[in-house]
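Enquirer: The following block contains a protein sequence and its predicted model.
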Amino acid sequence: MTNPFGAQSPDIKQRRAAQTRFEWGGRLAITVALGFLLAMTVTIAWLGVGALQQTEIKLAVDLGPDNIDPNDLKGASYNTIVKNALKARFPEVEGRREKRDLYGILSPDAGFELKEKVVADPSLLGGTRELWFLASDDADLFGKGRVDVTLDQSQRRLNDLEVGWLQDLKANGELQKRFNMRFFTHGDSREPELAGILGALVGSAMSLFVCFILCFPVGVMAAIYLEEFAPKNRISDFIEVNINNLAAVPSIVFGLLGLAIFLNVFGLPRSSPLVGGMVLSLMTLPAIIIAARAALSAVPPSIREAALGLGASRLEATFHHVAPLAMPGMLTGAIVGMARALGETAPLLMIGMVAFIVDVPTSLVQPATALPVQIFLWADSPERAFMEKTSAAIIVLLFFLVVMNLTAILLRKRYEQRF
Amino acid sequence: MFMEVQDAQGNGQTSGQAARGESETVITARDVDVYYGNKKALEGVNLDIQRHQVTSLIGPSGCGKTTFLRCLNRMNDLIDICRVTGSITIEGQDIYDPAVDVVALRAHVGMVFQKPNPFPKSIFENIAYGPRIHRIARNKSELNDIVVDSLKRAGLWDEVHDRLDQPGTGLSGGQQQRLCIARAIAIQPKIILMDEPCSALDPIATAKVEELMEELKAHFTIVIVTHSMQQAARVSQRTAFFHLGILVEQGPTEQIFTTPQDARTENYITGRIG
Ligand SMILES: Nc1ncnc2c1ncn2[C@@H]1O[C@H](COP(=O)(O)OP(=O)(O)OP(=O)(O)O)[C@@H](O)[C@H]1O
Ligand SMILES: [Mg+2]
């Protein structure tokens, strides 16, 4: 007996084939999109992990009383101590240029670093100690195997002499890659090996804090008023259209507005997270209002009717029932808006958050920079070693973006309303 | 009398007449037209509703029963395009007068909606909400008593007494409907509007709700929309028949069901239209 429900008729076969074609097209599209995403992530990760490690060089420094007066720790010439240690390690080096090259395998900050160590732990004093020092950016690239020693020396940043010293150190275990804690605990620097992300991270966190404090209450209140109380007429239509328009305005325009009003009229401090947050909130506010209104209108009208039918006032119905039900949606919208603000560069450039700032900001009115701006600054630097810093900063930025978006998704999942 | 949140919801005023047991008009509708935008949903409705009686509104689907019911506690205000003309008075007060406070009106005229709409909160909270905003209970134990009593009267107590903290939305459709009835009576309104309260109930629960109406009738005025002729005949003293937005006929229930004056009424109750 033949199957009465088989696909014998040519018509059914055709319809089936159309669906199959569509499905394969869809799979192809997804594969291409995922491929791009994967390529991007892998490249950035590949470049960025390098920044998590930093090459260090072990030196025997003489911290005896000849060099450091125990009563005046800060007065000693630490640079000289480090240089002497280098000279002692490579006694064969003669001549000014060679010596300069030799000192160049260490970070210019090595003397300062030593001073900090000694001041923090005076028990180091009194003799020769073996300590680790940061290598310079070029030596760091060598340590990470990114210097092609087979090339002619004119083709690379390290000459044969330098490569020789570094190979010698490496062979003796005096050159090692160590975890780069500094990247997460320090602000920016002109020297790639010293540069850290903390300043930008704190700047971004402060800006986002200001942004959230300003735009969440205002946005939610505006949305509640527009959605639940405002009469529906020409004026409210006009407002609605304009909020949608504002959400579509390129962010740099908000930056110009911030420059013109917050800085020039109000005279607020330039480059500060306070102004950064205010500018970002201009940009985020329309998005939050739109998301909050969507969340409110997703609450079924029967809930309002139930409350009003019991003799609740409009205010009570809104704040006892509708707004709490919409809250997860509103928060989700806010987080997504904040995530967008976190990745925003252009408006911050306009208000001067692009400045080179070494210190980690400790208040809202201090000059600061932000993560995406830091990425921009590093990407713009000529030193090759900044390349991996750039990627590492991108990884940090993406990490926070993913965390924020995941929070939003979890919130939505967790509190999704079943009416 | 709806101008402030009522403190003494005319308690003394009604019970005196209840004792005398005479019929007295509490709701009067005169020349009521209702429009949704340009569409006329009700036309020229004149209807009197008597105190301490159950009045049922019957008629085919879409004839405007819900629309009329929602005029009585001004729930139609919520629909932007809805416009009501004519006059509706309750206790002698024109309820569409600008001086009327809808909050006080709705505390006086409670409603059970056609579709059950419990709050997505616990069963207890669903019922406690009304008494709380109207400050009916003086303390926690009084509030508790109101909740238990309302659930018992709505015939839901036995099913939910051990899970009052569970969400009201987790109940079955019929249980939700009874929860909504319990919620409506918890604020002790003087008039209760019920829009097909038994459409999702089994015969046992229906009997309980009808029993409740019978009992409530002594103190309250009830208006019920129903598609069941038997129910209208069982519970109501007066019946109004709507057809295509027009109030075709009204009168004592017995008369409507035995000797209808209008052919459309007769066709409807005998099952030929609707
Ligand atoms: N919100 C609304 N907007 C526009 N038209 C409406 C609205 N509500 C009801 N109507 C219309 O008004 C008329 C009466 O509707 P109503 O809900 O009062 O009918 P009903 O008698 O309660 O019907 P049912 O028995 O099916 O509940 C219908 O034609 C309906 O389409
Ligand atoms: Mg209806």
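Expert: Yep, that arrived. Ligands and ions are numbered 1, 2, ... in the order given.

Enquirer: give me the element the residue of chain B found nearest ligand 2 is part of.
Expert: For chain B and ligand 2, the shortest gap (CB to the ion) falls at residue B:66, measuring 3.1 Å. All C-beta spots, glycine's among them, are computed from the backbone N, C-alpha and C. Using DSSP states H and E, residue B:66 falls within helix B:65-72.

Enquirer: Show me what that helix is packed against.
Expert: Packing partners of helix B:65-72 (3 or more CB pairs under 8 Å, 6 or more residues apart in numbering or on different chains; DSSP states H and E): strand B:25-36, strand B:39-50, strand B:54-58, strand B:82-90, strand B:109-112, strand B:191-195, strand B:221-225.

Enquirer: could you redo these as JSON lines and give each row mean neighbour count and mean pLDDT?
Expert: Converted to JSON lines, the helices and strands packed on helix B:65-72 look like this (neighbours: other CB atoms under 10 Å in any protein chain shown; pLDDT from 0 to 100):
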{"stretch": "strand B:25-36", "mean neighbour count": "17", "mean pLDDT": "94"}
{"stretch": "strand B:39-50", "mean neighbour count": "17", "mean pLDDT": "94"}
{"stretch": "strand B:54-58", "mean neighbour count": "26", "mean pLDDT": "95"}
{"stretch": "strand B:82-90", "mean neighbour count": "17", "mean pLDDT": "94"}
{"stretch": "strand B:109-112", "mean neighbour count": "26", "mean pLDDT": "94"}
{"stretch": "strand B:191-195", "mean neighbour count": "24", "mean pLDDT": "94"}
{"stretch": "strand B:221-225", "mean neighbour count": "25", "mean pLDDT": "95"}
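
Enquirer: Out of those, which is closest to residue B:160?
Expert: Comparison of the helices and strands packed on helix B:65-72 against residue B:160 by CB to CB identifies strand B:109-112 as nearest, at 17.3 Å.

Enquirer: Can you list the helices and strands that whatever helix or strand comes next after that closest one packs against?
Expert: Following strand B:109-112 in sequence order, the next helix or strand is helix B:123-133 (DSSP H and E). Counting contacts by 3+ CB pairs under 8 Å, 6+ apart, helix B:123-133 is packed against helix B:140-153, helix B:173-186.

Enquirer: Stretch A:67-80: which residues count as buried?
Expert: Of all the residues in stretch A:67-80, those buried under the rule 16 or more other CB atoms under 10 Å in any protein chain shown are A:68, A:76, A:78-79.

Enquirer: hang on, the earlier thing: setting the sequence-adjacent residues aside, check what's closest to the residue of chain B closest to ligand 2.
Expert: residue B:195 (5.6 Å; CB to CB, 6 or more residues apart in numbering or on different chains).

Enquirer: hang on, the earlier thing: okay, now the residue of chain B closest to ligand 2: neighbour count?
Expert: For residue B:66, the neighbour count with other CB atoms under 10 Å in any protein chain shown is 20.

Enquirer: and if you look at the one 4 residues further on?
Expert: Residue B:70 has 24 neighbours, counted by other CB under 10 Å.

Enquirer: so residue B:192 touches residue B:73, yeah?
Expert: No: counting by CB atoms under 8 Å, residue B:192 does not reach residue B:73; the two are 10.0 Å apart.

Enquirer: Narrow the buried residues of stretch A:67-80 to those in helices?
Expert: Cross-referencing the buried residues of stretch A:67-80 against helices under DSSP state H gives A:78-79.

Enquirer: So which of the buried residues of stretch A:67-80 is the closest to residue A:255?
Expert: residue A:79 (42.2 Å).

Enquirer: how much space is there between that closest one and residue A:185?
Expert: 23 Å (CB to CB, to the nearest Å).

Enquirer: again, but for residue A:147
Expert: 27 Å.

Enquirer: Next: residue A:22.
Expert: Residue A:22 is 53 Å from residue A:185, by CB to CB.

Enquirer: hey, where'd the helices end up in the stretch 1-150 of chain A?
Expert: Taking DSSP state H, counting those that start in this stretch, the helices of the stretch 1-150 of chain A run over residues A:10-48, A:78-89, A:96-103, A:110-120, A:137-143.

Enquirer: quick one: the shortest one to chain centroid distance?
Expert: The gap between where helix A:137-143 is centred and where its chain is centred comes out at 24 Å by CA atoms, centre = their mean, to the nearest Å.

Enquirer: now for that helix, which elements pack on it?
Expert: strand A:53-62, helix A:160-171, strand A:175-179.

Enquirer: go on, the third one?
Expert: Contacting helix A:96-103 under the criterion 3+ CB pairs under 8 Å, 6+ apart are the following elements: helix A:78-89, helix A:160-171.

Enquirer: Residue B:34 pairs with what?
Expert: Residue B:34 has these beta-bridge partners by DSSP bridges: residue B:42, residue B:84.

Enquirer: what's it in contact with, if anything?
Expert: B:40-42, B:64, B:67-68, B:71, B:76, B:82-85 (CB atoms under 8 Å, 6 or more residues apart in numbering or on different chains).

Enquirer: Brilliant, that's me finished.
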